[in-house]
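Peer 1: Have a look at this prediction, sequence included:
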Amino acid sequence: MTVAQPDVTVVIGAYEAMPYLVECLASVEAQTLDPARIEVIAVDDGSRDGTGDCLEEFAARAPMDVTVIRQANSGGPSGPRNVGLSKATGRYVFFLDADDRLGAEALERMVAMADKNGTDVVLGRVEGVNRTPPRSMWGETLDRTDVYSSNIKFTLSAQKLFRREFLERHGMRFDESLWTGEDALFTMEAYLRADGVSVVADYTCYYLVGRSDGKHVTKSGSYTLRFDSARALMGLLERLVPPGPKRDVLMVRPFLVTVLPQFGPVFLRNDEEIRRTKLELAKPLMDAYWNEGVAQRLLVHERLRLELVARGRADLLVDVLEFIQAKSKPAPVLKKRGTQLYLAYPHYGSPEAGVPDRIYLAEPREAKAYPGWRKNPTETFLRGFVRKVRRKASRVRRTARPGGGAAAA
């Protein structure tokens, strides 16, 4: 008798996951999707706390097909995920961390969303349990979107539903040379190659659990690993996205999420050797990828700090960080009849520092919070005109399609 292909393979990479694994597995068992349509591949990555035995017990009682693989510790989540992916037979694959858990309807809703829209990746709403989850991408459920026109670039964890045929077609696997950020590389590549991405925002599909013991499947490692992660992600964007506004939009993510935190309050606590090493590691990234298109998409204090990193000016950066840490507020400086607002963080207007005034210029989203600032009427008119032209062109394209209205008639 031919066994029907499961709808989804849940890949669980587990390392020292007790007791969190118990609730994780219970959430899989509680899925509203028919158990016959679920396959579980669980990989114990060399645990010594009973994780492997717990997985074996689950496999013996679970109503769905469960395969348990026990292997020597690989040092990170990439190895177990790749092993699980290589054994998967489902139409879709979902990567579930052993200390997290699923909402009861998660798999049913995500599979239905992918089937309905023919999309290759589905994101399910995430909530945190003793942990801060990503938030900006859950404003509304989206049948079909992409990485440029939504905020999905700010959630690059692996806990998504992926069409398995799509992953196999592109030969996609997690980079086992990275000790952190491997999921960001994998997920960003999937976003860029996907024929559409869906977002389930009206139901909590995933609970991101903060562990009190600090034992996550990913080892945190040193700050140097963060630069490895940023370098890999920036290199991927360089390979897959031509230079221009689209690449700049995506480059914001590694600069903001991975590079900038290394030059935040922690930099003040670093000794001189670590400060020097951080600037040396950042230099090739700044030389290759830092540009005006990325800079203008950041807040002034973010842009200023990265500009000082690009210039190798640790002395000026320390002044800015101390100013921010003291919760000082930069004085607003209005120019050009109130249409330009500069925020006078340390060294603004200083010939000795040599930082261009444009670095301190607030973009409209930041400037609008300050009394006295007003939009440039010429710029506002031009933007409105461009929007009207684009809407008109879009209507023309729609009516020109077969069955699209008057043009088709």
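Peer 2: Perfect, I can see it now.

Peer 1: SS state for residue 334?
Peer 2: Here residue 334 is recorded as strand under DSSP: H, G, I helix; E, B strand; the rest coil.

Peer 1: what's the distance between it and residue 212?
Peer 2: Per CB to CB, to the nearest Å, residue 334 is found 49 Å from residue 212. Where you see a C-beta, it was placed from the backbone N, CA and C, and this is true even at glycine.

Peer 1: Who has more neighbours out of the two?
Peer 2: Remark: of residue 334 and residue 212, residue 334 carries more neighbours, 16 against 8, as counted by other CB atoms under 10 Å.

Peer 1: I'd say the more buried one and residue 371 touch.
Peer 2: No - using CB atoms under 8 Å, residue 334 is not in contact with residue 371, being 9.6 Å away.

Peer 1: In contact with residue 296, which residues?
Peer 2: Applying CB atoms under 8 Å, 6 or more residues apart in numbering to residue 296 gives the contacts 303, 363.

Peer 1: one more time with 7 Å, if that's ok
Peer 2: Contact partners of residue 296, counting by CB atoms under 7 Å, 6 or more residues apart in numbering, are residue 363.

Peer 1: List phi and psi for it.
Peer 2: Note on residue 296: backbone dihedrals following degrees, to the nearest 10 are phi -70, psi -10.

Peer 1: Quick check: it vs residue 188, distance?
Peer 2: The value you get for residue 296 to residue 188, if CB to CB is used, is 22 Å.

Peer 1: Please apply the same query to residue 17.
Peer 2: For residue 17, the distance to residue 188 (CB to CB) stands at 26 Å.

Peer 1: neighbour count winner among these two?
Peer 2: Neighbour count, other CB under 10 Å: between residue 17 and residue 188, residue 17 has more, with 30 against 23.

Peer 1: Which residue, other than its chain neighbours, is closest to that one?
Peer 2: Nearest residue to residue 17 in three dimensions, chain neighbours excluded: residue 98, at 3.7 Å (CB to CB, 6 or more residues apart in numbering).

Peer 1: Next, that neighbour: phi, psi?
Peer 2: Note on residue 98: backbone dihedrals following degrees, to the nearest 10 are phi -70, psi -10.

Peer 1: who's in contact with it?
Peer 2: Residue 98 sits next to 12, 13, 14, 17, 20, 21, 24, 217 when contact means CB under 7 Å, 6+ apart.

Peer 1: Could you do residue 94 as well?
Peer 2: Applying CB under 7 Å, 6+ apart to residue 94 gives the contacts 8, 10, 107, 161.

Peer 1: For those, work out which two are farthest apart.
Peer 2: Maximum pairwise distance in the contacts of residue 94, criterion CB to CB, is 9.9 Å, between 10 and 161.

Peer 1: Test my guess that residue 83 contacts residue 69.
Peer 2: Yes - with contact defined as CB atoms under 7 Å, residue 83 counts as touching residue 69 (6.1 Å).

Peer 1: picking up where we left off before, mind checking which of the contacts of residue 94 are in strands?
Peer 2: If you go by DSSP state E, the contacts of residue 94 have 8, 10, 161 in strands.

Peer 1: Could you pull out the strands in the stretch 51-200 of the chain for me?
Peer 2: For the stretch 51-200 of the chain, the strands defined by DSSP state E, counting those that start in this stretch cover 65-71, 92-97, 101-102, 121-129, 142-145, 161-163, 197-209.

Peer 1: Tell me which strands the shortest one pairs with, and in which orientation.
Peer 2: Read it as strand 101-102. With DSSP bridges as the test, strand 101-102 is paired with strand 197-209 (antiparallel).

Peer 1: Just after the strand it pairs with, pick out the following helix or strand.
Peer 2: Note on strand 197-209: by DSSP states H and E, the next helix or strand toward the C-terminus is helix 223-240.
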